[in-house]
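Visitor: I need the structure of the sequence given here:
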Amino acid sequence: MTIQTDVAIIGGGATGAGIARDLALRGVDVSLFERGGLGGGTSGRSHGLLHSGGRYAESDPIGAEECIRESRILRDIAEGCIRETGGLFVQLESDDPAYFEEKLEACNELDIPTETISAEEAHERVPGLTEDVERAFTVPDGVIYPSRLVVANAADAREHGASIYTHTPVESVTTANGEITELHVGGEINDTVEATQIVNATGAWAEVMGEDLGVDVSMQPTRGVMISVEYDGLDPVLNRCRDPDDGDIIVPHDGEVVLGTTSVAVEDPDDYEEADWEVERSVDECAELIPDITDAPEVRTWWGVRPLYEPDEDERDDGRGISRGFFVINHAERNEPANLISVVGGKLTTYRQMAEAASDQICARLGVDASCETDERPLHASDDPAQLDALIDEFDAVNPTDRDIVTTATPAESAAD
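Guide: Presented below is the predicted three-dimensional model:
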């Protein structure tokens with residue numbers, strides 16, 4: 001039997017689930033289709049950093065401003081998905097002091113709270129920190145558990161009438177009269193979907209899915225490695241205060257730290273090399289911050305692919321210069337299918353704002369006069385980690401980033417996922 005819905009969302013990461021929740025709260029009939037378990041793409045394969053915006057303050061102030069605003073909102077609405085840690089930007093003897101000053105000034109201009117501390121105080125806060133520290137400043141970074149975040153959004157959407165389908169890949173598309181008239185979905189439903197509006201929220205796969213939908217979405221996905229090692233006692237997120245490079249972030253988990261990351265352009269987000277040099281370089285570089293990491297036992301290693309949007313071919317290098325801001329593409333404005341939008345770019349931290357922007361456009365096109373409520377309403381079970389972990393099992397959303405945290409997680413693996 002054909003599934004009929006006002007809005008069909010393709011992609012069940014944080015952004016897709018966030019759009020489903022936003023629209024459902026506005027009374028829109030919405031169905032979400034994910035080819036695997038929820039969060040199995042970029043969302044569940046990150047280092048789990050809740051960005052303060054400090055990392056992008058001087059290079060991408062718009063993206064940084066989005067991060068600090070959204071991180072504050074997430075602390076209010078997603079308590080069980082967040083761990084408060086704080087963060088440090090650390091200048092070593094070999095790092096440019098002018099860069100430290102530039103980043104600190106940029107943070108202050110964007111109202112990202114900071115406090116400059118001496119090398120001695122940095123050692124008090126992080127006992128294992130290298131002796132090569134010159135100084136540091138604090139930022140309100142944190143840790144986010146993406147598996148919990150994604151399922152909290154999906155469950156909230158479902159509570160308000162949305163339909164959430166996992167293991168349902170879109171296999172083909174029918175178009176007529178300048179619109180997409182049918183999605184042919186396989187997997188666990190193997191059915192046809194008719195929707196008034198279609199949303200391509202497939203992240204790093206937006207270009208691949210766009211080809212199936214008959215549109216051009218120019219992505220430059222880049223891969224990055226994360227290595228989780230045994231290490232106890234690190235409280236804040238550590239950021240190396242230098243131009244972004246390989247191995248300059250250390251994210252604390254319980255009894256582990258996640259080291260990362262690299263940035264290497266990939267052609268196919270499903271098929272790319274997982275190179276040993278990336279692991280070795282990330283460990284070596286992070287060990288310049290905490291030397292004991294060199295000998296720390298490796299728990300598990302995984303790669304993720306960033307959903308970077310870059311239509312300018314000249315900018316497609318390693319992706320580090322591409323904005324981490326997000327874009328909502330209205331394909332009707334390009335004389336492409338009039339009932340399709342694509343949501344690309346952004347960060348896990350800014351997923352809710354991405355969902356709001358997309359939902360605003362969708363509601364305008366549907367004639368729905370309802371405003372966004374997701375910045376004020378707590379997520380489903382947001383104060384109950386045990387319930388969130390049960391939902392992770394239900395939605396098949398156990399992913400590498402927080403596999404050591406969620407109670408439904410399978411035993412950690414030492415091999416690359």
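Visitor: any weak-confidence spans in the protein?
Guide: 312-324, 408-417 (pLDDT under 70).
Visitor: at 80 what do you get?
Guide: 1, 311-325, 407-417 (pLDDT under 80).
Visitor: residue boundaries of the helices in it?
Guide: For the chain, applying DSSP state H gives helices covering 14-25, 61-77, 97-109, 119-125, 146-159, 206-213, 276-287, 351-366, 385-394.
Visitor: to P307, which of the ones you listed lies closest?
Guide: Evaluated over these, closeness to P307 peaks at helix 206-213, with 6.7 Å, by CB to CB. From N, CA and C alone the C-beta is placed, and that goes for glycine too.
Visitor: elements contacting that closest one?
Guide: Packed against helix 206-213, as judged by 3 or more CB pairs under 8 Å, 6 or more residues apart in numbering; DSSP states H and E, are the following elements: strand 170-176, strand 191-200, strand 340-345.
Visitor: who's in contact with the closest residue to S94 other than its chain neighbours?
Guide: Among residues not flanking S94 along the chain, D132 sits closest, at 7.4 Å (CB to CB, 6 or more residues apart in numbering). D132 makes contact with L92, E93, S94, E288, according to CB atoms under 8 Å, 6 or more residues apart in numbering.
Visitor: pick the most deeply packed of the helices of the chain.
Guide: Most buried of those, by mean neighbour count (mean count of other CB atoms under 10 Å): helix 14-25, with a mean of 30.
Visitor: in terms of secondary structure, what does that helix contact?
Guide: strand 3-10, strand 30-33, helix 146-159, helix 351-366.
Visitor: partners of the second one in the sheet?
Guide: Strands that pair with strand 30-33, judged by DSSP bridges, come out as strand 3-10 (parallel), strand 163-165 (parallel).
Visitor: returning to that earlier point: for the helices and strands packed on helix 206-213, give me TSV that also has distance to D248 and mean neighbour count.
Guide: Listed next are those as TSV, based on distance: least, CB to CB, whole Å; neighbours: other CB atoms under 10 Å:
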stretch	distance to D248	mean neighbour count
strand 170-176	37	14
strand 191-200	32	21
strand 340-345	21	26
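Visitor: isn't V199 up against I362?
Guide: Yes - counting by CB atoms under 8 Å, V199 touches I362, with 7.1 Å between them.
Visitor: picking up where we left off before, which one of the contacts of D132 is nearest G86?
Guide: L92 (19.5 Å).
Visitor: dump the residue contacts of the closest residue in space to E207 that isn't next to it in sequence.
Guide: Distance criterion CB to CB, 6+ apart; nearest residue to E207, sequence neighbours excluded, is M219 at 4.1 Å. With contacts defined as CB under 8 Å, 6+ apart, M219 is in contact with A204, A206, E207, P307, L308, Y309, E310, V344.
Visitor: of those residues, which is the nearest to S118?
Guide: For the contacts of M219, the nearest to S118 is L308 (36.8 Å; CB to CB).
Visitor: backbone phi and psi for that closest one, please?
Guide: Dihedral angles of L308 (phi, psi; degrees, to the nearest 10) stand at phi -80, psi 130.
Visitor: distance check, it against V406.
Guide: 28 Å (CB to CB, to the nearest Å).
Visitor: ok, D270 next?
Guide: Taken as CB to CB, the span from D270 to V406 is 25 Å.
Visitor: G161 too?
Guide: Here the criterion is CB to CB. By it, G161 lies 27 Å from V406.
Visitor: then S342?
Guide: Distance of S342 to V406, computed by CB to CB: 30 Å.
Visitor: before we move on, what about E58?
Guide: 35 Å.
Visitor: end to end, how far does stretch 86-99 reach?
Guide: Distance across stretch 86-99, first residue to last, is 21 Å (CA to CA, to the nearest Å).
Visitor: which parts of it are buried?
Guide: Along stretch 86-99, these residues count as buried under the neighbour rule (16 or more other CB atoms under 10 Å): G86, G87, L88, F89, V90, Q91, L92, D95.
Visitor: of these, which pair is most distant in space?
Guide: In the buried residues of stretch 86-99, two members sit farther apart than any others by CB to CB. They are G86 and D95, at 20.5 Å.
Visitor: and the residue nearest to C372 when sequence neighbours are not counted, what does it touch?
Guide: Once flanking residues are discounted, C372 sits nearest to E356: 4.6 Å by CB to CB, 6+ apart. Neighbour list for E356: D22, C372, T374, D375 [criterion: CB under 8 Å, 6+ apart].
Visitor: for those residues, give me a markdown table that also has distance to H331.
Guide: Below are the contacts of E356 laid out as a markdown table (distance: CB to CB, whole Å):
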| residue | distance to H331 |
| --- | --- |
| D22 | 20 |
| C372 | 22 |
| T374 | 24 |
| D375 | 27 |
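Visitor: and the gap between the residue lying farthest from the centre of the chain and G48?
Guide: Computed with CA atoms, centre = their mean, the residue of the chain farthest from its C-alpha average is N177, at 35.5 Å. From N177 over to G48 the distance is 45 Å, taken as CB to CB.
Visitor: counting neighbours, what do you get for the residue lying closest to R240 once chain neighbours are set aside?
Guide: Leaving aside its sequence neighbours, R240 sits nearest to D248 (CB to CB, 6+ apart; 3.7 Å). The local packing of D248 (other CB atoms under 10 Å) involves 23 other residues.
Visitor: go on, E267?
Guide: So E267, with other CB under 10 Å, has 8 neighbours.
Visitor: and it, what are its phi and psi?
Guide: phi -80, psi -40.
Visitor: burial check on S263, number of neighbours?
Guide: 21.
Visitor: cool, R240 as well?
Guide: R240: 21 neighbours (other CB under 10 Å).
Visitor: still on that earlier bit, who's more crowded, E58 and V406?
Guide: A count of neighbours by other CB under 10 Å puts V406 above the other of E58 and V406, at 24 against 19.
Visitor: give the contact list for the more buried one.
Guide: V406 touches Y145, S147, R148, L388, D389, I392, V398, counting by CB under 8 Å, 6+ apart.
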